[in-house]
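In: curious how this folds, go ahead:
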Amino acid sequence: MNKSNISIKWKTFSIFLIFTIVLLSVLWFFQIVYLKDFYKMIKRQETERVLNSVESILLSNDEDCSTQIENLAAGHNLGIYITNTDGSPIYNAEYIPNSQMSSLPPFLFSLFYNQALKNDGEAVIEFKGSQMQKKVAVRNPGDAETPPESQEETGEEESTGDEADSQSEVENQEGGKGKIPYTIPPEKDDISQFRQNIGNDMAESVVYVRIINNGGTEQVVMINSVLTPVDATVSTLKYQLGIISIILIVIAFILAVTFSRSLSRSVISINDGAKKLATGDYSVKFNSKDYMEVAQLSKTLNYAASELGKADSFQKELIANVSHDLRTPLTMIKGYAEVMRDIPGENTPENVQVIIDETERLSGLVNDMLDISKLKAGTISIQPEEYNFTASVRHVLERYNKLREVEGYTIDFVYDDEVIVYADEQKMYQVLYNLVNNAINYTGDDKKVTVIQKVQDNTLRLEVKDTGQGVKQEDIPYVWDRYYKDSAAHKRAIQGTGLGLSIVKNVLELHGAKYGVSSIPGTGATFWFEIVINPFVEEE
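Out: Numbering: from 1, shown residues only. Reported below is the predicted structural model:
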């Protein structure tokens with residue numbers, strides 16, 4: 001066995017293990033590594049949808065506006081604060097821990113409102129700890145510039161070292177457009193409270209601001225959403241994924257071992273059977289049915305074993321029959337020659353004729369075997385020409401006149417008209433001779449053979465009938481095989497060698513003819529073929 005080849009059992013286990021590792025890697029990648037990014041993206045999209053819903057509710061002037069806004073805030077864990085342009089509250093629904101949008105300092109409200117005015121009524125403000133960045137949803141790129149008065153409006157004094165670094169960092173991003181650093185000045189009212197509202201140094205929040213015109217009155221909608229997932233949530237996910245990872249690895253191991261054993265058991269069984277088949281044991285059976293492909297392979301190998309067994313059996317029968325047919329003429333030739341040598345007066349024409357006949361029979365057997373080999377190798381080609389097919393049949397039957405006179409055989413030829421065909425006369429003569437000879441060898445006790453010639457349109461059909469035991473139905477597919485010979489009906493041929501049907505098959509196939517055999521057990525068999533009379537005439 002090649003050491004570089006891996007067992008199917010371990011290969012299956014490796015595939016399951018790799019799949020598990022990839023699956024866990026994807027889970028960790030999306031659920032832990034990029035959890036915050038996905039959370040931010042989803043929360044932003046969710047907040048935008050809620051903002052659109054709130055606008056629709058306000059414009060509908062429904063009496064139940066307050067309840068609907070409360071439900072939206074509660075259902076999405078948001079803070080929704082709706083005011084007039086001067087900051088006077090209209091609706092307030094806060095469902096974020098420690099969120100007090102209603103306590104928003106006036107200077108921040110003024111900053112948010114003015115920035116929304118400058119950007120077609122919308123603004124997006126992001127917070128991280130005590131630092132605020134304002135990122136505007138710009139409809140007109142020209143409106144994205146940060147107005148200088150926004151700094152003045154805040155009353156910002158000199159920044160600390162951290163604040164200066166923060167401002168420098170933001171200015172380097174996008175050329176200072178769309179974002180401005182902002183530090184809540186300590187002199188404003190109750191700043192510690194607001195700093196608590198927007199989170200600690202690790203938390204990120206976003207405020208969506210939109211100015212809407214509701215019946216001629218401007219209203220300011222502000223929605224606050226936390227962008228940073230809760231640390232407890234991340235810890236819980238990590239703990240769950242750790243447990244899931246262990247469970248998946250154990251399950252993958254169990255499935256891999258179970259599946260690999262099942263699959264390898266079938267393959268090993270088939271491999272063992274194939275080894276027996278290679279040694280010539282054609283009785284081996286393949287019964288693996290675990291999987292569709294394995295079951296199909298088992299059926300194919302069973303069929304192959306059956307066909308190889310038949311071929312081997314036919315070959316052995318052929319060797320036995322040919323050996324018998326070779327031994328008989330050789331024995332007779334030797335016997336008659338010794339008699340003529342040792343006994344005076346036995347050198348008669350009759351004895352010499354026996355030797356000549358047996359020699360011709362032996363020569364015919366060898367020639368038939370050579371013809372079969374040449375036809376199978378494709379080294380014989382046909383040379384078609386027009387000739388009288390009916391006359392050729394009569395000439396073949398004349399060769400059996402001696403059998404008619406001496407043995408009492410009856411050979412009838414039934415036809416209507418003379419037929420001229422375009423074919424290889426010599427090869428077709430061999431076909432006719434072998435079919436008639438086969439019928440004579442296997443006909444019944446009445447020693448009757450009938451040859452029928454039929455013509456329909458441009459097709460010639462020839463049938464050769466005997467009255468013997470016929471061909472078994474299960475043997476019909478193999479009757480033309482070069483190795484086939486019915487051992488039950490085998491006898492030394494009166495004429496020919498017993499190999500003629502295989503020659504008939506190959507010659508007819510060279511001519512593109514149809515052929516077959518029909519038989520009813522006990523009533524004889526009919527061998528037939530059909531050939532185009534003139535291939536140059538187009539059929540209507």
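In: please, where are all the strands along this structure?
Out: Taking DSSP state E as the criterion, the chain carries its strands at 79-84, 89-94, 122-128, 131-134, 181-183, 204-214, 217-226, 385-388, 410-414, 420-423, 448-456, 459-466, 514-519, 525-532.
In: closest to Glu55 out of these?
Out: Across these, Glu55 has its closest neighbour in strand 204-214 (5.4 Å, C-beta to C-beta). (Each C-beta comes from the backbone N, C-alpha and C, glycine too.)
In: could you give the average pLDDT over the closest one?
Out: The pLDDT scores in strand 204-214 average 87.
In: what's the answer for stretch 390-401, then?
Out: Regarding stretch 390-401, the rounded mean pLDDT is 90.
In: try stretch 421-441
Out: Here the average pLDDT along stretch 421-441 is 90.
In: ok, now stretch 253-264?
Out: Per-residue scores along stretch 253-264 average to 76.
In: return the distance of it from the chain's centre.
Out: Relative to its chain's centre, stretch 253-264 lies at 23 Å (C-alpha atoms, centre = their mean, to the nearest Å).
In: can you list the low-confidence ranges for the stretch 1-150 of the chain?
Out: Scanning the stretch 1-150 of the chain with the threshold set as pLDDT under 70 gives 1-9, 98-100, 127-150.
In: 90 instead, please
Out: Within the stretch 1-150 of the chain, the segments meeting pLDDT under 90 span 1-47, 57-67, 73-79, 85-120, 124-150.
In: helices of that one, start to end?
Out: For the stretch 1-150 of the chain, helices defined by DSSP state H, counting those that start in this stretch occupy the ranges 8-28, 35-60, 65-76, 106-118, 149-154.
In: list the buried ones in the second one?
Out: Translated: helix 35-60. Within helix 35-60, the residues that count as buried by 16 or more other C-beta atoms under 10 Å are 35, 39-40, 43-44, 47-48, 50-51, 54, 57-58.
In: next one: the third one
Out: The neighbour-count check on helix 65-76 (16+ other C-beta under 10 Å) flags 65, 68-70, 72-73, 76 as buried.
In: tell me the one among those residues nearest to Asn434.
Out: Of all these, His76 has the smallest distance to Asn434: 93.4 Å, by C-beta to C-beta.
In: what about that closest one, distance to Trp480?
Out: Distance of His76 to Trp480, computed by C-beta to C-beta, to the nearest Å: 83 Å.
In: that older thread, need the buried residues of helix 65-76 in a markdown table with distance to Asn92, can you?
Out: Listed next are the buried residues of helix 65-76 as a markdown table, based on distance: C-beta to C-beta, whole Å:
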| residue | distance to Asn92 |
| --- | --- |
| Cys65 | 12 |
| Gln68 | 14 |
| Ile69 | 9 |
| Glu70 | 10 |
| Leu72 | 13 |
| Ala73 | 9 |
| His76 | 16 |
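In: tell me the one of those nearest Tyr336?
Out: His76 (115.9 Å).
In: surely the closest one meets Glu48?
Out: No. Using C-beta atoms under 8 Å, His76 makes no contact with Glu48, being 11.3 Å away.
In: need the strands of the chain in CSV (columns: distance to Gln353 and mean neighbour count).
Out: Below are the strands of the chain laid out as CSV (distance: least, C-beta to C-beta, whole Å; neighbours: other C-beta atoms under 10 Å):
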stretch, distance to Gln353, mean neighbour count
strand 79-84, 125, 22
strand 89-94, 127, 18
strand 122-128, 120, 21
strand 131-134, 123, 20
strand 181-183, 128, 21
strand 204-214, 119, 20
strand 217-226, 119, 21
strand 385-388, 32, 14
strand 410-414, 23, 14
strand 420-423, 35, 20
strand 448-456, 25, 18
strand 459-466, 28, 20
strand 514-519, 35, 16
strand 525-532, 32, 20
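In: could you dump these into a markdown table and include distance to Phe13?
Out: Putting these into a markdown table (distance: least, C-beta to C-beta, whole Å) gives the following:
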| stretch | distance to Phe13 |
| --- | --- |
| strand 79-84 | 53 |
| strand 89-94 | 55 |
| strand 122-128 | 48 |
| strand 131-134 | 52 |
| strand 181-183 | 56 |
| strand 204-214 | 45 |
| strand 217-226 | 45 |
| strand 385-388 | 70 |
| strand 410-414 | 74 |
| strand 420-423 | 65 |
| strand 448-456 | 68 |
| strand 459-466 | 64 |
| strand 514-519 | 55 |
| strand 525-532 | 60 |
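In: closest one to Lys11 among these?
Out: Nearest to Lys11 among the strands of the chain is strand 204-214 (47.8 Å), distances taken as C-beta to C-beta.
In: how about the closest one as CSV, C-alpha atoms only?
Out: Output of strand 204-214 as CSV, limited to C-alpha atoms (Å, rounded to 0.1, in the frame of the first residue of the first chain):
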residue,chain,number,x,y,z
GLU,A,204,-20.5,55.1,22.2
SER,A,205,-23.9,56.8,21.4
VAL,A,206,-25.5,58.4,18.5
VAL,A,207,-28.2,61.1,18.3
TYR,A,208,-30.3,61.5,15.1
VAL,A,209,-31.8,64.9,14.7
ARG,A,210,-34.5,65.8,12.2
ILE,A,211,-36.5,69.0,11.8
ILE,A,212,-40.0,68.4,10.5
ASN,A,213,-42.8,70.8,9.5
ASN,A,214,-46.0,69.7,11.1
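In: give me the angle between that strand and strand 122-128.
Out: 160 degrees (axes from the mean of the first three to the mean of the last three C-alpha atoms, to 10 degrees).
In: each with direction, which strands does strand 204-214 pair with?
Out: Counting by DSSP bridges, the strands paired with strand 204-214 are strand 122-128 (antiparallel), strand 217-226 (antiparallel).
In: now the longest one, how far from the centre of its chain.
Out: Between the centre of strand 217-226 and the centre of its chain there are 57 Å (C-alpha atoms, centre = their mean).
In: what does that strand rub up against?
Out: 43-44, 46-47, 50-51, 54-55, 58, 76-85, 90, 94, 96, 99, 101, 104, 112-113, 116, 199, 203-213 (C-beta atoms under 8 Å, 6 or more residues apart in numbering).
In: quick revisit: dump the strands paired with strand 204-214 to a markdown table, plus distance to Leu462.
Out: Formatted as a markdown table, these follow (distance: least, C-beta to C-beta, whole Å):
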| stretch | distance to Leu462 |
| --- | --- |
| strand 122-128 | 96 |
| strand 217-226 | 95 |
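In: quick one: closest of the ones you listed to Gly242.
Out: With C-beta to C-beta as the criterion, Gly242 lies closest to strand 217-226 of those, at 25.8 Å.
In: ok and the closest one relative to strand 79-84, angle-wise?
Out: Angle, strand 217-226 to strand 79-84, by the same axes, to 10 degrees: 160 degrees.
In: elements contacting the biggest helix by length in the chain?
Out: Across the chain, the longest stretch assigned as helix under DSSP state H is helix 292-342. If you count contacts as 3 or more C-beta pairs under 8 Å, 6 or more residues apart in numbering; DSSP states H and E, helix 292-342 packs onto helix 231-278, helix 349-377.
In: output the ones you listed in a markdown table, with mean neighbour count and distance to Val464 appended to each entry.
Out: Below are the helices and strands packed on helix 292-342 laid out as a markdown table (neighbours: other C-beta atoms under 10 Å; distance: least, C-beta to C-beta, whole Å):
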| stretch | mean neighbour count | distance to Val464 |
| --- | --- | --- |
| helix 231-278 | 14 | 39 |
| helix 349-377 | 14 | 18 |
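In: dump those helices into TSV; add distance to Thr410 as well.
Out: Output for the helices and strands packed on helix 292-342, formatted as TSV (distance: least, C-beta to C-beta, whole Å):
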stretch	distance to Thr410
helix 231-278	49
helix 349-377	23
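In: of those, which is nearest Thr450?
Out: Of all the helices and strands packed on helix 292-342, it is helix 349-377 that lies closest to Thr450, at 24.6 Å by C-beta to C-beta.
In: so how far is that closest one off the chain centroid?
Out: The answer for helix 349-377 is 55 Å, by C-alpha atoms, centre = their mean.
In: that one to helix 292-342, inter-axis angle?
Out: Here helix 349-377 runs at 160 degrees with respect to helix 292-342, directions being taken by the same axes, to 10 degrees.
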